[in-house]
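J.: coords please:
(one chain, ligands or ions: 2)
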Amino acid sequence: MPVRINPSILAADFVNLERDLGRISSADLVHVDVMDNHFVPNLTFGPQMVGRVQDVATIPLDVHLMIENPERWAPGYAELGAFSVTFHAEATSDPVALARQLRQMGARAGVALKPGTDIEPYLELLAEFDQVLVMTVEPGFGGQSFMPETMPKLRMLRERALKSGLDVWLQVDGGITEETIVTAAEAGADTFVAGSSVFASEDPAARIALLRETAARHSH
Ligand code: DX5
Ligand code: ZN
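T.: Ligands and ions are numbered 1, 2, ... in the order given. Just a heads-up that it's a prediction; the model follows:
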């Protein structure tokens, strides 16, 4: 199974963003964390900034919306050309309608679940999404520790995806290092977000390669 490594620019230098995007050009996608200080207690950037990232990035954008009212904002990210737009299940009452709208606009549609959110209701809806993001930390901040107790959700998702023959990407986000990526890959993840472990490295390209090789060796 192919694996993808998506560095999160939350850990980049915001005043040297173009330089830092250059350092991760060997990655698969660039993970862009949008936070509104309501859904999570932190604030990052919005459509104007992400639009500029889209202009200069050489790899596709994987936008992770940690915001309230995603119905209002998510379509704008599809509109500006994001390859993938992921919103939180906890923030909307109709995830299927929003996913359909995003797909119609040409983006991949993703649904994200906080560590405490049950996966069961979404297993039945898997065909409606191109990606499911299982948060492996509480959303809001980089540099937190991976929560292994979220792994049963991945195992359930992988089993259901295999059984139904769906090519849905299973993403993990939070605390991914060369150690925890083994646990996540073995549980069934194929798409790995890594913020601090990539950008704190002296050689981000080498770190991306190491994460990719490690995940591939342990993936299904
Ligand atoms: C956290 C964000 C993550 C964050 C991960 O709410 O969604 O994408 O950047 O950072 P690390 O890899 O440092 O845990
Ligand atoms: Zn994220």
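J.: gap between the residue of the chain found nearest ligand 2 and Gln131?
T.: Residue nearest to ligand 2 within the chain: His64 (3.7 Å; Cβ to the ion). The C-beta positions use only the backbone N, C-alpha and C, and glycine is treated the same way. Using Cβ to Cβ, to the nearest Å, His64 is found at 10 Å from Gln131.
J.: Also Thr92?
T.: 16 Å.
J.: In terms of packing, which of His64 and Gln131 has more residues around it?
T.: Each of His64 and Gln131 has its neighbours counted (other Cβ atoms under 10 Å); His64 has more, 26 against 20.
J.: wait, what's in contact with Phe87?
T.: Leu65, Ile67, Pro70, Ala74, Pro95, Leu98, Gly110, Val111, Ala112 (Cβ atoms under 8 Å, 6 or more residues apart in numbering).
J.: mind checking the SS state of the closest residue to Val3 other than its chain neighbours?
T.: Excluding the flanking residues, the one nearest Val3 by Cβ to Cβ, 6 or more residues apart in numbering is Ala215, at 4.3 Å. Secondary structure for Ala215, judged by DSSP: H, G, I helix; E, B strand; the rest coil, is helix.
J.: and Ala215, how many residues sit next to it?
T.: Around Ala215 there are 26 residues (other Cβ under 10 Å).
J.: swap in the one 3 residues further on?
T.: Applying other Cβ under 10 Å, we find 16 residues neighbouring His218.
J.: does ligand 2 sit close to stretch 66-74?
T.: No: against ligand 2, stretch 66-74 shows no contacts by Cβ under 5 Å from the ion, the least distance being 7.1 Å.
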